[in-house]
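**Student:** the following block contains a protein sequence and its predicted model.
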Amino acid sequence: MKMTDSEQILEENYEEYLRLLQDGKYYEVVYDEESGGVSAIHQEHRFDKQPGPFGVRRGVYELMAIDALRKKGHVVILESERAPDGVKTPDGILDGRAMDIKAIENTGQWTIKNKFHHATKQKIETLVFYYHFHYLFSIEKIEDGWKRFIQDIDSQRYEKTIKKVLCVVEGEVVEWIPPKNKAA
């Protein structure tokens, strides 16, 4: 009997979980039996210890984001961030694509645009916006930030690197696809 696509994904996710569990470079390797999601943290991943405006250390945002993503069935691995000084590396891999987690801590008109700019320097395909509070989130703000981003001359060569944005909002995950990357 042939497996369905979802059964195949669950099997592949479980195999990835077992691989990470046996790899001594990763810790906090977790498999969510309900969703089939997986998360793991590389020993050389660096968590920002600076507190944000809500009094929460910014590295905690990453942990909360990967927890929510795993519970929704994603495979999220925070990788080593060891790099030469001045080189910003992606946070890791999400469903097989380079990703970075950006905390949204205010509602300023340039906040989202600036996050897109920082992400492009890391050559990521999936951007995760973490919102500690629901009132900070709106699709309109993401769309406005994207428009501002692509209007910027410097951003033109980076535009196609970001294929999708996943927004983690109080434990829920909302997907947004940049307009030029939507299927026709």
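**Tutor:** Nice, I can see it.

**Student:** C-alpha only now, for contacts and for neighbours.
**Tutor:** Noted.

**Student:** which helix runs longest in this structure?
**Tutor:** Secondary structure of the chain per DSSP state H: the longest helix is helix 5-22.

**Student:** buried residues, that helix. List them.
**Tutor:** When burial is assessed from 16 or more other CA atoms under 10 Å, helix 5-22 yields the following buried residues: 10, 13-14, 16-17, 20-21.

**Student:** stretch 83-91 now?
**Tutor:** Neighbour-count burial for stretch 83-91 flags 89-91 (criterion: 16+ other CA under 10 Å).

**Student:** all helices of this protein, in order?
**Tutor:** Assigned by DSSP H, the chain shows helices spanning 5-22, 58-71, 111-121, 139-151.

**Student:** and of the buried residues of stretch 83-91, the nearest to residue 27?
**Tutor:** Nearest to residue 27 among these: residue 91, at 15.3 Å, using CA to CA.

**Student:** how far away is that closest one from residue 108?
**Tutor:** Distance, residue 91 to residue 108, using CA to CA, to the nearest Å: 24 Å.

**Student:** check contacts around the residue most central in space within the chain.
**Tutor:** In the chain, the C-alpha closest to the average C-alpha coordinate belongs to residue 128, at a distance of 3.2 Å (CA atoms, centre = their mean). Residue 128 makes contact with 99-102, 165-168, according to CA atoms under 8 Å, 6 or more residues apart in numbering.

**Student:** so which of those comes closest to residue 65?
**Tutor:** residue 168 (6.2 Å).

**Student:** so what's the residue count around the closest one?
**Tutor:** By other CA atoms under 10 Å, the residues close to residue 168 number 27.

**Student:** taking the contacts of residue 128 one by one, which sit in strands?
**Tutor:** When DSSP state E is applied, the contacts of residue 128 are split such that 99-102, 165-168 fall in strands.

**Student:** sorry, back to before: so for the residue nearest to the centre of the chain, what's the pLDDT?
**Tutor:** Looking at residue 128, its pLDDT reads 97.

**Student:** and the gap between it and residue 7?
**Tutor:** Counting by CA to CA - residue 128 and residue 7 are separated by 26 Å.

**Student:** quick one: low-confidence ranges for this protein?
**Tutor:** Residues of the chain meeting the criterion pLDDT under 70: 1-3, 153-160, 180-184.

**Student:** OK, contacts around residue 33?
**Tutor:** Residue 33 neighbours (CA under 8 Å, 6+ apart): none.

**Student:** same thing with the one 4 residues further on?
**Tutor:** Taking CA under 8 Å, 6+ apart, we find residue 37 in contact with 13, 31, 69-76.

**Student:** repeat that for 7 Å
**Tutor:** By CA atoms under 7 Å, 6 or more residues apart in numbering, the contact list for residue 37 reads 13, 31, 70-75.
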